[in-house]
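> how would this look folded up:
(one chain, ligands or ions: 1)
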Amino acid sequence: MLARAVAEDLGVSSMIVHTRAGHDSTLARMLDGALTPDPRSRPPVSSSTEWKDRLVPPRTSCDRGRMRTQVAIVGAGPAGLLLSHLLDRAGVESVIVETRSRAYVEARIRAGILEQSTVDLLHEVGLGARLAAEGDEHRGIYLQWPGERHHLDFVDLVGRSVTVYGQTEVTKDLGRAREAAGQEIRYEVTDTAVHDIETDHPYVTFTGPDGTAERLDADVVVGCDGSFGPCRAAVPDSAKQSWERAYPYSWLGVLADVAPSTDELIYAWHPDGFAMHSMRSATVSRLYLQVPNGTDIADWSDDRIWDGLATRLGHGENGWTLTPGPLTEKSVLPMRSFVQQPMRHGRLFLAGDAAHIVPPTGAKGLNLAVADVAMLAPALAALLRDKEPALADAYSDAALRRVWRCTHFSWWMTTMLHQSGDPFDAQLQLSQLRWVAQSTAGRTGLAENYAGLPIGF
Ligand SMILES: Cc1cc2nc3c(=O)[nH]c(=O)nc-3n(C[C@H](O)[C@H](O)[C@H](O)COP(=O)(O)OP(=O)(O)OC[C@H]3O[C@@H](n4cnc5c(N)ncnc54)[C@H](O)[C@@H]3O)c2cc1C
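Below you'll find the model as predicted:
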């Protein structure tokens with residue numbers, strides 16, 4: 001049950017878990033005005049008490065609670081929470097429904113690398129205080145293969161950096177901000193379904209934690225419900241197209257209570273398989289090993305994991321050492337790429353993992369979710385507040401341009417660094433890695449994509 005729940009959270013079909021214990025000018029234009037609160041247009045409802053006054057009487061005789069809002073958001077992950085935050089700043093009201101508890105959502109171990117645009121946006125919208133204090137800005141990454149380690153300095157190459165700050169922390173910051181603003185979030189709901197999305201009166205139905213059937217009427221529904229939510233599937237087959245690539249390997253990921261053995265992330269190509277040394281804080285390391293699909297975590301003792309990491313990451317080479325420590329979490333994550341388009345159908349909009357999944361090698365999933373809602377919030381504000389549909393009409397195409405760029409980059413990083421089992425592929429990978437590490441054009445291309453192209457690119 002736990003494994004299934006976490007697998008769904010990670011956007012994968014199967015997973016085994018063991019637990020022991022520079023904001024760009026385009027964005028500026030989109031944010032200017034569109035996200036400026038307009039008190040005149042804000043509905044006269046913001047607190048939960050006032051919400052009760054807006055309950056519409058049940059349409060049918062059954063015991064069914066009924067609410068109305070401007071934007072019904074399905075999913076309180078980073079995309080849903082940030083969207084409600086941005087909409088609130090623009091004077092647009094929303095209600096979020098979420099299957100999990102708040103504690104569960106905030107404890108979910110996932111992404112840890114924020115692009116420059118994500119960091120800039122979080123600061124811009126008042127969510128940057130703890131990020132500034134506790135986030136760890138990195139100038140770049142290390143790229144290595146046996147005998148060679150190269151530092152790619154993104155700041156020197158493209159003037160942008162990345163910041164190590166866990167998705168857990170982003171979600172906590174968002175949760176606190178939404179709570180302070182009186183945001184209506186219905187946690188622990190079941191049976192979520194979206195209806196009438198091809199009309200101007202879409203609605204969401206769900207069952208509350210006490211078993212009450214409820215209905216949420218809205219002007220717009222946004223699916224921020226990740227890869228297993230109902231929204232993506234609500235788009236009729238005749239109106240959508242999708243692409244998927246399943247990779248023939250998985251990641252065994254661990255969290256370790258030990259100070260990182262590196263100042264910045266190490267991406268390591270090795271004949272035994274890819275390895276990565278990341279981190280969450282000055283005292284917590286995050287490490288990954290490429291393993292075959294279907295790997296049973298029980299076959300990987302802590303000692304075997306540390307031995308594999310030491311070999312692949314180059315322990316003892318050129319004076320570098322890997323310090324092991326207690327493992328607090330282990331999981332196996334299959335990897336896939338997936339895109340569904342368009343990201344809008346009628347009055348249903350999709351954002352984040354609900355529309356696209358990338359393998360984590362490029363550190364793009366969370367950042368893409370942020371970029372989607374950074375574009376969607378001003379579009380919905382213009383649509384609902386100003387009755388101006390142009391940005392909403394352009395949302396899917398605009399978001400998909402970035403989605404496909406990040407899908408390509410994530411695929412490129414993944415296929416360049418993982419062993420496919422084909423010796424010809426391995427020689428091509430090494431050739432590519434040498435070019436990326438040693439040519440200014442190669443280094444710059446990786447840096448530009450990794451540190452993140454501007455939102456709206
Ligand atoms: C191991 C791992 C490492 C990663 N590393 C990185 C990284 O370094 N950088 C990066 O940018 N990204 C990374 N990612 C990807 C990133 O975590 C996701 O892309 C991100 O969580 C997407 O946010 P989201 O809000 O779109 O979806 P989610 O975070 O999946 O949120 C969706 C929400 O919808 C809820 N929901 C689902 N179904 C329903 C329903 N029926 N009704 C109501 N609510 C529902 C879910 O409970 C969830 O809270 C990583 C992912 C994994 C698994």
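> what residues does the stretch 301-450 of the chain put near the ligand?
By C-beta under 6 Å from any ligand atom, the residues of the stretch 301-450 of the chain that approach the ligand are Leu333, Gly352, Asp353, Pro360, Ala363, Lys364, Gly365, Leu366, Asn367, Ala369. Just so you know, the C-beta spots here come from the backbone N, C-alpha and C atoms, and that holds for glycine as well.
> Val119 versus the residue nearest the centre of the chain, what's the distance?
The centre of the chain sits closest to Leu366, judged by C-alpha atoms, centre = their mean, with a distance of 2.2 Å. Counting by C-beta to C-beta, to the nearest Å, the gap from Leu366 to Val119 is 12 Å.
> Same question for Ala392.
From Ala392 to Val119 the distance is 27 Å (C-beta to C-beta).
> And for Arg139?
Note on Arg139: its distance to Val119, by C-beta to C-beta, is 14 Å.
> The two: who's more crowded?
Comparing Arg139 with Val119 by other C-beta atoms under 10 Å, the one with more neighbours is Val119, at 25 against 18.
> sec struct for the more buried one, please.
Secondary structure for Val119, judged by DSSP: H, G, I helix; E, B strand; the rest coil, is helix.
> Return the residues in contact with it.
Contact partners of Val119, counting by C-beta atoms under 8 Å, 6 or more residues apart in numbering, are Gly128, Leu131, Gly135, Thr163, Tyr165.
> Off-centre distance for whichever strand or helix holds His277?
Using DSSP states H and E, the element containing His277 is strand 275-279. Its chain's C-alpha centre and that of strand 275-279 lie 18 Å apart, by C-alpha atoms, centre = their mean, to the nearest Å.
> So which bits of the helix or strand following it are buried?
Downstream of strand 275-279, the next assigned helix or strand under DSSP H and E is strand 285-292. Within strand 285-292, the residues scored as buried using 16 or more other C-beta atoms under 10 Å are Ser285, Arg286, Leu287, Tyr288, Leu289, Gln290, Val291.
> hang on, Ile305 is in a helix, isn't it?
Yes. Counting by three-state DSSP, Ile305 falls inside a helix.
> Quick check: residues of the stretch 1-150 of the chain near the ligand?
Residues of the stretch 1-150 of the chain lying near the ligand (C-beta under 6 Å from any ligand atom): 10, 74-80, 97-100, 105, 110-113.
> one more time with 8 Å
The stretch 1-150 of the chain comes close to the ligand at residues 8-12, 74-81, 97-100, 104-105, 108-115, 118, as judged by C-beta under 8 Å from any ligand atom.
> So which of those residues sit within strands?
Members of those lying in strands (criterion: DSSP state E): Val74, Val97, Ile113, Leu114.
> which one of those residues sits closest to Ile197?
Set against Ile197, the nearest of those by C-beta to C-beta is Val74 (11.5 Å).
> And the ligand, is the particular helix or strand that has Leu157 in it touching that?
Using DSSP H and E, Leu157 maps to helix 154-158. No. Contact of helix 154-158 with the ligand (C-beta under 8 Å from any ligand atom) is absent, the minimum separation being 15.1 Å.
> Which of the residues of the stretch 1-150 of the chain next to the ligand are buried, as a PyMOL select command?
Buried subset of those, written as a PyMOL selection, criterion 16+ other C-beta under 10 Å:
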select buried, resi 8+9+10+11+12+74+75+76+77+78+79+80+81+97+98+99+100+105+108+109+110+111+112+113+114+115+118
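> just checking, what packs against the host helix or strand of Gly253?
Element membership of Gly253, judged by DSSP H and E, is strand 241-256. Secondary-structure packing of strand 241-256 (3 or more C-beta pairs under 8 Å, 6 or more residues apart in numbering; DSSP states H and E): strand 285-292, strand 327-341.
> Give the next helix or strand downstream of the longest one.
Okay, so that is strand 327-341. strand 344-345.
> Partner strands of the strand holding His277 and their direction?
strand 266-268 (antiparallel), strand 285-292 (antiparallel) (DSSP bridges).
> tell me the angle that strand makes with strand 241-256.
If you take axes from the mean of the first three to the mean of the last three C-alpha atoms, to 10 degrees, strand 275-279 sits at 70 degrees to strand 241-256.
> Does Gln70 touch Asp219 like I think?
Yes. Using C-beta atoms under 8 Å, Gln70 is in contact with Asp219, at 5.2 Å.
> Where does the stretch 201-350 of the chain get nearest to the ligand, residue-wise?
Using C-beta to the nearest ligand atom, the closest approach of the stretch 201-350 of the chain to the ligand is made by Gly226 at 2.8 Å.
> Need the helices and strands packed on strand 241-256 in TSV (columns: mean pLDDT).
Listed next are the helices and strands packed on strand 241-256 as TSV, based on pLDDT from 0 to 100:
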stretch	mean pLDDT
strand 285-292	97
strand 327-341	96
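> Any idea how far apart the tips of stretch 118-129 sit?
End-to-end span of stretch 118-129 (C-alpha to C-alpha, to the nearest Å): 14 Å.
> Kindly report the same for stretch 132-144.
30 Å.
> Show me what counts as buried in it.
Gly135, Asp136, His138, Arg139, Gly140, Ile141, Tyr142, Leu143, Gln144.
> can you give me the helices in the stretch 351-457 of the chain?
Assigned by DSSP state H, counting those that start in this stretch, the helices in the stretch 351-457 of the chain fall at 365-385, 390-417, 423-438, 440-451.
> Among those helices, show me which one is buried the most.
helix 365-385 (a mean of 26; mean count of other C-beta atoms under 10 Å).
> Check the spacing between Asp299 and Gly421 real quick.
19 Å.
> Please report how far His123 lies from Ala381.
Taking C-beta to C-beta, one finds His123 at 20 Å from Ala381.
> Can you verify my assumption that the residue nearest to the centre of the chain contacts Arg108?
No. In this structure Leu366 lies outside contact range of Arg108 using C-beta under 8 Å: 11.4 Å.
> Which neighbours do these two have in common?
Gln167.
> In helices, which of the buried residues of stretch 132-144 fall?
Among those, no member falls in helices (DSSP state H).
> give the contact list for the closest residue in space to Ala390 that isn't next to it in sequence.
Nearest residue to Ala390, sequence neighbours excluded (C-beta to C-beta, 6 or more residues apart in numbering): Ala382, at 7.2 Å. Contacts for Ala382 were tallied using C-beta under 8 Å, 6+ apart; they are Ala34, Glu388, Pro389, Ala390, Leu391, Ala392.
> hmm, which two among those are most spread apart?
Going by C-beta to C-beta, the pair spanning these furthest: Ala34 and Pro389, at 13.1 Å.
> Between those two, tell me which one has more neighbours.
The residue with more neighbours, out of Ala34 and Pro389, is Ala34; 21 against 12, by other C-beta under 10 Å.
> ok, back up a step: my understanding was that the residue of the stretch 201-350 of the chain closest to the ligand contacts Gly75; is that so?
Yes. Shown here, Gly226 and Gly75 form a contact pair, counting by C-beta under 8 Å, at 6.1 Å.
> Overlap in contacts, the two.
With contacts defined as C-beta under 8 Å, 6+ apart, the residues shared by Gly226 and Gly75 are Gly352, Ala354.
> Next up, the contacts around Ser242.
Counting by C-beta under 8 Å, 6+ apart, the residues that Ser242 touches are Phe338, Val339, Gln340, Gln341.
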